[in-house]
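Novice: When you get a sec, could you give me coordinates for this:
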Amino acid sequence: MSESQNDERAYRVVRNDEDQYSIWWADRDLPAGWHAEGTEGPKDACLQRIEEVWTDMRPLSLRRRMQQQDQALIAI
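Specialist: Modelled structure (predicted):
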């Protein structure tokens, strides 16, 4: 049995301003800069949710910068 299967604590999925995801204990205040995504439950369920929604690991600021560079190249 895995460690997460023995873990009976409730977790929540959290996201920061760079669209990076993590899990946090549901009974604790969120650290600065992190916001609840809306999913709460067992650790495995929260990790599964992150796997579903976090498909691009690049920080949001990098994705935006790359998009601006692509648009600048198209405009040339």
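Novice: list the buried ones in whichever helix or strand Thr39 is part of?
Specialist: In this assignment (DSSP states H and E), Thr39 forms part of strand 34-41. By neighbour count on 16 or more other C-beta atoms under 10 Å, the buried set for strand 34-41 is 34, 37, 39-40. All C-beta atoms are positioned from the backbone trio N, CA, C, and that covers glycine.
Novice: Show me the residue at the heart of this protein, geometrically.
Specialist: In the chain, the residue lying closest to the centroid (C-alpha atoms, centre = their mean) is Tyr21, at 1.3 Å.
Novice: wait, that residue sits on Val53?
Specialist: Yes. Counting by C-beta atoms under 8 Å, Tyr21 sits close enough to Val53 to count as a contact (6.9 Å).
Novice: I'd like the buried residues of strand 34-41 written out as CSV, with distance to Arg63 and pLDDT added.
Specialist: Shown next, in CSV, are the buried residues of strand 34-41 (distance: C-beta to C-beta, whole Å; pLDDT from 0 to 100):
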residue, distance to Arg63, pLDDT
Trp34, 19, 98
Glu37, 18, 97
Thr39, 22, 98
Glu40, 27, 98
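Novice: what residues do Tyr21 and Val53 have in common as contacts?
Specialist: Each of Glu37 lies in contact with both Tyr21 and Val53 under the rule C-beta atoms under 8 Å, 6 or more residues apart in numbering.
Novice: still on that earlier bit, contacting residues around the residue nearest to the centre of the chain?
Specialist: By C-beta under 8 Å, 6+ apart, the neighbours of Tyr21 are 13-15, 37, 50, 53-54.
Novice: Most neighbours among these, which one?
Specialist: In terms of neighbours by other C-beta atoms under 10 Å, those top out with Val13 at 22 neighbours.
Novice: and that one, that one's in a strand?
Specialist: Yes. The assignment for Val13 by DSSP: H, G, I helix; E, B strand; the rest coil puts it in a strand.
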